[in-house]
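Based on what follows, work out the 3D shape:
(one chain, ligands or ions: 1)
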Amino acid sequence: MAQATAAERPATELRRGRIVAAAGAVVDVDFGDAGAPPIRSALEVEWDGPHRLTLEVQAHLDPATARCVALQETAGLRPGTPVRDSGGPLTAPTGRALLGRMIDVAGDPIDGGPPLPADLPRMPIHRPPPPLAEQGATREPFLTGIKIIDLMAPLLRGGKAAMFGGAGVGKTVLIMELIRAAATRHGGISVFAGIGERSREGHELWLDLGASGVLANTALVFGQMNEPPGARWRAGLTALTVAEHFRDVERSDVLLLMDNVYRFVQAGAEVSGLLGRLPSRVGYQPTLATEIAELEERIASAHGAAVTSIQAVYVPADDFTDPAVAQTFAHLDSAVVLSREMAAQGLYPAVDPLASSSTLIDPRIFGQRHCRIAEGVRELMERRRELQEVISLLGMEELSPEDRLAVARARRMERFLTQPFAVTEHFTGRPGASAPLEATLDGAEAILAGEADSLDEEALYMTGTLDDARTRAARRGGAGEGTGGGAGGGAAR
Ligand SMILES: Nc1ncnc2c1ncn2[C@@H]1O[C@H](COP(=O)(O)OP(=O)(O)OP(=O)(O)O)[C@@H](O)[C@H]1O
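Below you'll find the model as predicted:
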C-alpha cells in the first residue's frame, strides 16, 4: 500500500511543502521536487494559528501539488505557510486512557480535562476490515430490555443495527437509552461517535453519562455540526479505530454508537462538492456507496471479541428511498424504523413493528415460539392498519364483531409495546422500565390469545411487563371490562 511505503520512510525524509491556496476547507499544498504525498496522507500545518491544523490529501493537482481537506477551521491561513507530511494517514489515540474522555477527530481532548498521555498508541484511521477468516460470525442476540426491539427487531451481538427516522421522532433518545441499557445489562466498553449533530447534544450526553455512572466505560469522539465537513467526515472512522483497539488488543466486546450516520454521508457530499466533483443521484457524492461500505464493513467481530454497532440514521423528509438511507439499510442485521405517526400519538419508543426487521427472527436462532409471536404481532398490526382505513371512512360501527375485537386487541398490543425509558424520566416523570425477553414474549402471547381483552388499555401504556400492567390496573380498580378508552397520558389514540 502506498501509505505503508510513506510510513516506512525515515523521519528525516518526510516531505515538506508550502500552502499555495486556501479556500475554506480546501487547501492546496505544493511539495516541489519531493512530490505530493499519497492520497489520504495526513499533513500538519506549521502555523501560529489558534489551534492545531491537520489536512488530509484528497487529490493530486499535479505531481507536486496536493489538494487537501482541512479537519479544523482554516481562518487566517496564508499562502506560503509551511506544511509537514506526517508520513502516513490520520491516526487516532487508543487505549484505556480514552475511557471517560471526549476527544475530537484529531484525538485532542475537548472535555476541558488534562491532555492525553503522550505515549498512547496511535492507529491509522484508514485500515481494511479484519480478514474474513478471522471474522467470527456469532448468532447471539444482544438483548436490550426494550420490549418492541427485543421482540420485533432484536439486535445481534457483533452485528449492525440502525435506528431510522425523520427529525424529532426519538432516535437520539433511543440511542441514549441503549447506551444505558447496554452498560447496565452487559457491562463492557462503549465508544460513542457524535457526527454532525448539535454540539449541545454532545454536552448533554456527556453530563447524562456522567450522572448515570456509565461515563467511566465510555470513550466519546465528536465531529459536530459546528465543525468543518472534514471533521464530520472522519469522526466516525476515528471512533471506529478506538473501538477496534479494544477489540483487537484487549479482546473485549465493544458497543459502538454512531449518531448520526446520515451526517457522515452528508459531510462526504460536502467534501466532494468542495473538491469540485460532479454530484451523482439526488446531489450525493459519486462515491456514496463506497464511503458507506468502507465504514460499515469495518464494523466486525474478530477473534471472539465483538464490535456491536448501533447507529442513528436521519431520514431526510421521511423519505426512505433516499440513496444515503437505502445504502445504509443494505449493511444491517437489524433495522429499527421509527414512525412519525406513532410518535405523534405518544406511542414511545415509536418503533414501527411492520417496517422494522432483524435477521435474528429466524426459527433456527430464536426458536419457533419467538418467531410465531413476532409473526402474530405483525399480522395483528397489519390487520389493524387495513381496518383503520375502513374506520376512518365509515366508523367503528361498520366493523364486524371479529374485526372490532382485532382492533381492540391491536390497540392493547400497541400500548403494551410502549415503555418508559430511564433517560426520559426527568421530563416524563415515569421511572424507566426494562423487560426481560421471556416476560415480553409471555405478555405478547397473552395479548394475542385474548387474555388481556378485558384489561384496561390505559394500564398497558408505558409499562414494563404484562404483570406490571395487571398490577397497575388492579390498583386503579380498572381490571374489569375494558372500556376501549384512550391510552395513558391522553396522547395515544
Ligand atoms: N422514548 C421517548 N419517551 C418520551 N418522549 C420521547 C421519547 N423519544 C422521543 N421523545 C420526545 O421526542 C423528542 C425528540 O426526540 P429525539 O431528540 O430523540 O429525536 P431525533 O429523532 O433524534 O431528532 P433529530 O433528528 O432532530 O435529532 C424528545 O425531546 C422527546 O420530547
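
For residue 270, which non-adjacent residue is spatially closest?
In space, and not counting its chain neighbours, residue 270 is closest to residue 229: 3.9 Å by CB to CB, 6 or more residues apart in numbering. Where you see a C-beta, it was placed from the backbone N, CA and C, and this is true even at glycine.

list the contacts for the one you found?
Shown in contact with residue 229 (CB atoms under 8 Å, 6 or more residues apart in numbering): 25, 69, 267, 270, 271, 274.

go with 10 Å
Listed by CB atoms under 10 Å, 6 or more residues apart in numbering, the contact set of residue 229 reads 24-26, 69-71, 196, 223, 263, 266-274.

buried subset of the residues you listed?
Applying 16 or more other CB atoms under 10 Å to the contacts of residue 229, the neighbour count classes 25-26, 69-71, 196, 223, 263, 266-272, 274 as buried.

which regions of this structure lie under the pLDDT threshold?
In the predicted model, the chain carries pLDDT under 70 at residues 1-12, 137, 478-493.

What residues does it have near the ligand?
For the chain, the contact set with the ligand under CB under 6 Å from any ligand atom comprises 165, 167-173, 314, 348-349, 421, 424, 428.

Can you tell me which of those residues are classed as buried?
With neighbours counted by 16+ other CB under 10 Å, the residues of the chain next to the ligand contain buried members at 165, 169, 170, 171, 172, 173, 314, 348, 349, 421, 424.

Using the three-state scheme, assign the nearest residue to residue 52 once chain neighbours are set aside.
Leaving aside its sequence neighbours, residue 52 sits nearest to residue 106 (CB to CB, 6+ apart; 6.2 Å). Using DSSP: H, G, I helix; E, B strand; the rest coil, the secondary structure recorded for residue 106 is coil.

Counting neighbours, what do you get for residue 106?
Neighbours of residue 106 under the rule other CB atoms under 10 Å: 22.

repeat for residue 402
Residues contacting residue 402 under the criterion other CB under 10 Å number 9.

Residue 75 against residue 23, yeah?
No. Using CB atoms under 10 Å, residue 75 is not in contact with residue 23, being 11.8 Å away.

Tell me which residues touch the residue of the stretch 251-400 of the chain found nearest the ligand, please.
Nearest to the ligand, among the residues of the stretch 251-400 of the chain, is residue 348, at 3.5 Å (CB to the nearest ligand atom). For residue 348, the contacting residues are 148, 169-170, 173-174, 338, 342, 418-421, 424, 428, 461-462, 489, 491-492, by CB under 10 Å, 6+ apart.

Now the terminal residues of stretch 162-174, how far apart.
Start-to-end span of stretch 162-174 (CA to CA, to the nearest Å) is 11 Å.

chain center to it: distance?
9 Å (CA atoms, centre = their mean, to the nearest Å).

now do stretch 196-210
Distance of stretch 196-210 from its chain centroid, counting by CA atoms, centre = their mean, is 14 Å.

what do you get for stretch 113-129?
Distance of stretch 113-129 from the chain centroid (CA atoms, centre = their mean) equals 22 Å.

And it, what's buried?
116, 120, 122, 123, 124, 125, 126, 129.

can you check stretch 344-361 too?
Buried-residue list, stretch 344-361, by 16+ other CB under 10 Å: 345-353, 356-358, 360-361.

In TSV, list the residues you listed along with secondary structure.
Converted to TSV, the buried residues of stretch 344-361 look like this (three-state DSSP):
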residue	secondary structure
345	coil
346	coil
347	coil
348	coil
349	coil
350	coil
351	strand
352	coil
353	coil
356	coil
357	strand
358	strand
360	coil
361	coil
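
So for the chain, the centremost residue is which one?
Centroid-nearest residue in the chain, with CA atoms, centre = their mean: residue 311, separated by 1.6 Å.

residues touching it, list them.
160-164, 171, 175, 193, 195, 236, 256-262, 264, 295-296, 299, 328, 331-332, 336.

How about residue 329?
Residues near residue 329 by CB under 10 Å, 6+ apart: 162, 164, 292, 313, 320, 335, 337, 357.

Select only the buried ones of those residues in PyMOL?
A single PyMOL command selects the buried members of the contacts of residue 329 (16+ other CB under 10 Å):
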select buried, resi 162+164+292+313+335+337+357
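
Sitting in helices, which of the contacts of residue 329 do you find?
Among the contacts of residue 329, the members falling in helices (DSSP state H) are residue 292.

which of the contacts of residue 329 sit farthest apart?
The two members of the contacts of residue 329 with the most space between them (CB to CB) are 292 and 357, at 18.9 Å.

Which secondary structure element is home to the residue lying closest to residue 349 once chain neighbours are set aside?
Using CB to CB, 6+ apart and skipping the chain neighbours, the partner closest in space to residue 349 is residue 174 (5.5 Å). Using DSSP states H and E, residue 174 falls within helix 171-186.

how far does the helix or strand following that helix sit from the chain's center?
Using DSSP H and E, the helix or strand that follows helix 171-186 in sequence is strand 189-195. Distance, stretch centre to chain centre, for strand 189-195: 9 Å (CA atoms, centre = their mean).

Tell me what angle strand 189-195 forms with helix 171-186.
Interaxial angle, strand 189-195 versus helix 171-186 (axes from the mean of the first three to the mean of the last three CA atoms, to 10 degrees): 170 degrees.

Thanks a lot, see you next time.
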